[in-house]
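Enquirer: 3D model of this:
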Amino acid sequence: MEHEIYVSREVKNLGHREAAALIKKAANLALTAEGVDTPCIISVMLTDDPGIHGVNREFRGVDSPTDVLSFPQNELEPGHFDPENCERDLDSGAVLLGDMIISLPRCEAQGQEFGHGFRREIMYLTVHSVLHLLGYDHVDEGPMKAQMRAREKAIMGDEL
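Expert: Numbering: from 1, shown residues only. Below is the predicted model:
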(Lines give C-alpha, C1' and ligand atoms only; values in the text may rest on other atoms or scores of the structure.)
Protein backbone atom coordinates (compact mmCIF):
# COMPACT_ATOMS: atom_id res chain seq x y z
CA MET A 1 0.00 0.00 0.00
CA GLU A 2 1.23 3.47 -0.80
CA HIS A 3 0.70 6.12 1.81
CA GLU A 4 0.46 9.80 0.90
CA ILE A 5 3.73 11.48 1.85
CA TYR A 6 3.70 15.16 0.89
CA VAL A 7 7.13 16.79 0.76
CA SER A 8 7.53 20.54 0.34
CA ARG A 9 10.42 22.97 0.62
CA GLU A 10 10.23 26.06 2.79
CA VAL A 11 13.51 27.41 1.44
CA LYS A 12 14.70 27.47 -2.18
CA ASN A 13 18.07 26.10 -3.26
CA LEU A 14 18.41 23.52 -0.49
CA GLY A 15 19.86 21.04 -2.98
CA HIS A 16 19.44 17.29 -2.63
CA ARG A 17 16.87 16.74 -5.33
CA GLU A 18 16.64 13.07 -4.29
CA ALA A 19 15.51 13.96 -0.75
CA ALA A 20 11.76 13.68 -1.45
CA ALA A 21 12.07 10.21 -3.01
CA LEU A 22 14.25 8.98 -0.13
CA ILE A 23 11.81 10.39 2.45
CA LYS A 24 8.86 8.69 0.78
CA LYS A 25 10.75 5.39 0.58
CA ALA A 26 11.79 5.53 4.26
CA ALA A 27 8.33 6.60 5.47
CA ASN A 28 6.66 3.74 3.61
CA LEU A 29 9.31 1.32 4.91
CA ALA A 30 8.63 2.40 8.50
CA LEU A 31 4.83 2.30 8.15
CA THR A 32 4.97 -1.18 6.59
CA ALA A 33 7.35 -2.45 9.29
CA GLU A 34 4.97 -1.13 11.95
CA GLY A 35 2.04 -3.00 10.38
CA VAL A 36 0.18 0.14 9.30
CA ASP A 37 -2.16 -1.16 6.61
CA THR A 38 -4.58 1.78 6.63
CA PRO A 39 -3.82 4.59 4.16
CA CYS A 40 -2.06 7.44 5.97
CA ILE A 41 -1.05 11.00 5.19
CA ILE A 42 2.20 12.59 6.37
CA SER A 43 3.31 16.13 5.57
CA VAL A 44 7.06 16.81 5.42
CA MET A 45 8.61 20.29 5.28
CA LEU A 46 12.24 20.58 4.20
CA THR A 47 14.00 23.65 5.52
CA ASP A 48 17.35 25.02 6.67
CA ASP A 49 18.81 25.54 10.15
CA PRO A 50 17.27 29.01 10.71
CA GLY A 51 13.86 27.65 9.63
CA ILE A 52 13.88 24.66 11.98
CA HIS A 53 15.42 26.82 14.74
CA GLY A 54 12.37 29.10 14.68
CA VAL A 55 9.94 26.19 14.86
CA ASN A 56 11.94 24.51 17.63
CA ARG A 57 11.90 27.74 19.66
CA GLU A 58 8.20 28.41 19.07
CA PHE A 59 6.80 24.92 19.70
CA ARG A 60 9.32 23.31 22.05
CA GLY A 61 10.90 26.30 23.78
CA VAL A 62 14.34 25.13 22.61
CA ASP A 63 16.38 28.05 21.23
CA SER A 64 18.58 26.11 18.80
CA PRO A 65 18.35 24.31 15.48
CA THR A 66 17.87 20.55 15.36
CA ASP A 67 17.80 17.89 12.65
CA VAL A 68 14.14 16.82 12.66
CA LEU A 69 10.92 17.74 14.45
CA SER A 70 7.81 15.58 14.60
CA PHE A 71 4.26 16.73 15.27
CA PRO A 72 1.92 13.75 15.76
CA GLN A 73 -1.75 14.28 14.96
CA ASN A 74 -2.86 11.45 17.26
CA GLU A 75 -1.94 9.97 20.61
CA LEU A 76 -0.86 6.46 19.71
CA GLU A 77 0.70 3.66 21.71
CA PRO A 78 4.07 2.50 20.33
CA GLY A 79 3.73 -0.72 18.37
CA HIS A 80 -0.09 -0.70 18.48
CA PHE A 81 -1.45 1.33 15.57
CA ASP A 82 -5.21 1.78 16.00
CA PRO A 83 -6.74 3.60 13.04
CA GLU A 84 -10.13 3.77 14.74
CA ASN A 85 -8.81 6.31 17.24
CA CYS A 86 -7.11 8.56 14.69
CA GLU A 87 -7.96 11.82 12.95
CA ARG A 88 -8.93 11.27 9.32
CA ASP A 89 -8.87 13.28 6.13
CA LEU A 90 -12.47 14.26 5.39
CA ASP A 91 -12.16 13.64 1.65
CA SER A 92 -10.14 10.42 1.42
CA GLY A 93 -10.66 8.88 4.87
CA ALA A 94 -6.89 8.39 5.18
CA VAL A 95 -5.40 8.65 8.68
CA LEU A 96 -3.71 12.00 9.30
CA LEU A 97 -0.52 10.89 11.06
CA GLY A 98 1.08 14.31 11.42
CA ASP A 99 3.86 16.57 10.24
CA MET A 100 7.63 16.50 10.23
CA ILE A 101 10.23 19.16 9.54
CA ILE A 102 13.76 18.28 8.43
CA SER A 103 16.76 20.59 8.17
CA LEU A 104 18.55 19.44 5.01
CA PRO A 105 21.83 21.26 5.80
CA ARG A 106 21.94 19.65 9.26
CA CYS A 107 21.09 16.27 7.73
CA GLU A 108 23.95 16.63 5.26
CA ALA A 109 26.39 17.70 8.01
CA GLN A 110 25.39 14.78 10.25
CA GLY A 111 25.73 12.32 7.38
CA GLN A 112 29.31 13.52 6.89
CA GLU A 113 30.04 13.65 10.63
CA PHE A 114 28.80 10.09 11.20
CA GLY A 115 30.50 8.83 8.04
CA HIS A 116 27.46 7.32 6.34
CA GLY A 117 26.39 10.12 4.01
CA PHE A 118 23.25 12.07 3.20
CA ARG A 119 21.16 9.16 1.83
CA ARG A 120 21.36 7.08 4.99
CA GLU A 121 20.92 10.10 7.26
CA ILE A 122 17.77 11.41 5.55
CA MET A 123 16.26 7.92 5.64
CA TYR A 124 17.17 7.49 9.31
CA LEU A 125 15.69 10.88 10.28
CA THR A 126 12.51 9.99 8.39
CA VAL A 127 12.15 6.59 10.08
CA HIS A 128 12.87 8.24 13.45
CA SER A 129 10.19 10.87 12.83
CA VAL A 130 7.59 8.37 11.57
CA LEU A 131 8.09 6.38 14.77
CA HIS A 132 7.38 9.57 16.74
CA LEU A 133 4.18 10.03 14.71
CA LEU A 134 3.25 6.46 15.69
CA GLY A 135 3.68 7.13 19.42
CA TYR A 136 7.31 6.19 20.07
CA ASP A 137 9.39 8.53 22.18
CA HIS A 138 12.83 8.82 23.77
CA VAL A 139 12.39 11.39 26.53
CA ASP A 140 14.79 9.56 28.81
CA GLU A 141 17.57 7.00 28.57
CA GLY A 142 15.25 4.22 29.76
CA PRO A 143 13.13 1.53 28.14
CA MET A 144 11.20 3.88 25.84
CA LYS A 145 14.41 5.04 24.16
CA ALA A 146 15.68 1.45 23.91
CA GLN A 147 12.38 0.38 22.32
CA MET A 148 12.55 3.20 19.78
CA ARG A 149 16.19 2.52 18.90
CA ALA A 150 15.45 -1.19 18.44
CA ARG A 151 12.61 -0.38 16.02
CA GLU A 152 14.81 2.08 14.10
CA LYS A 153 17.51 -0.54 13.71
CA ALA A 154 15.03 -3.24 12.63
CA ILE A 155 13.38 -0.95 10.08
CA MET A 156 16.61 0.44 8.63
CA GLY A 157 18.16 -3.01 8.30
CA ASP A 158 20.87 -2.84 5.66
CA GLU A 159 20.69 0.96 5.61
CA LEU A 160 22.60 1.10 8.92
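
Enquirer: quick one, strands of this structure?
Expert: 4-9, 40-47, 68-72, 95-103 (DSSP state E).

Enquirer: in TSV, list the ones you listed along with mean pLDDT and mean neighbour count.
Expert: Using the backbone N, CA and C atoms, a C-beta is placed for each residue, glycine as well. Formatted as TSV, the entries for those read as follows, by pLDDT from 0 to 100; neighbours: other CB atoms under 10 Å:
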stretch	mean pLDDT	mean neighbour count
strand 4-9	96	16
strand 40-47	98	22
strand 68-72	97	19
strand 95-103	98	24
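
Enquirer: which residue is the nearest non-sequential neighbour of residue 121?
Expert: Distance criterion CB to CB, 6 or more residues apart in numbering; nearest residue to residue 121, sequence neighbours excluded, is residue 111 at 3.6 Å.

Enquirer: for that neighbour, give me its contacts.
Expert: 117-122 (CB atoms under 8 Å, 6 or more residues apart in numbering).

Enquirer: ditto for residue 27
Expert: With contact taken as CB under 8 Å, 6+ apart, residue 27 is in contact with 3, 5, 42, 44, 126-127, 130.

Enquirer: where's it relative to residue 60, distance?
Expert: When CB to CB, to the nearest Å is the yardstick, residue 27 and residue 60 sit 22 Å from each other.

Enquirer: check residue 129 too.
Expert: From residue 129 over to residue 60 (counting by CB to CB), the distance is 14 Å.

Enquirer: who has more neighbours, these two?
Expert: Set side by side, residue 129 and residue 60 give different neighbour counts by other CB atoms under 10 Å, the larger being at residue 129 (28 against 11).

Enquirer: now do the contacts for that one.
Expert: 68-70, 100, 102.

Enquirer: from these, which is closest to residue 142?
Expert: Using CB to CB, residue 70 comes nearest to residue 142 of the contacts of residue 129, at 19.5 Å.

Enquirer: just to check, that closest one is in contact with residue 136?
Expert: No: contact status for residue 70 versus residue 136: not in contact, 9.6 Å apart, counting by CB atoms under 8 Å.

Enquirer: pLDDT at the closest residue to residue 75 other than its chain neighbours, what is it?
Expert: Take residue 75 and drop its neighbours on the chain: the residue closest to it by CB to CB, 6+ apart is residue 135, 7.1 Å away. Model confidence at residue 135, expressed as pLDDT, equals 94.

Enquirer: no further questions, thank you.
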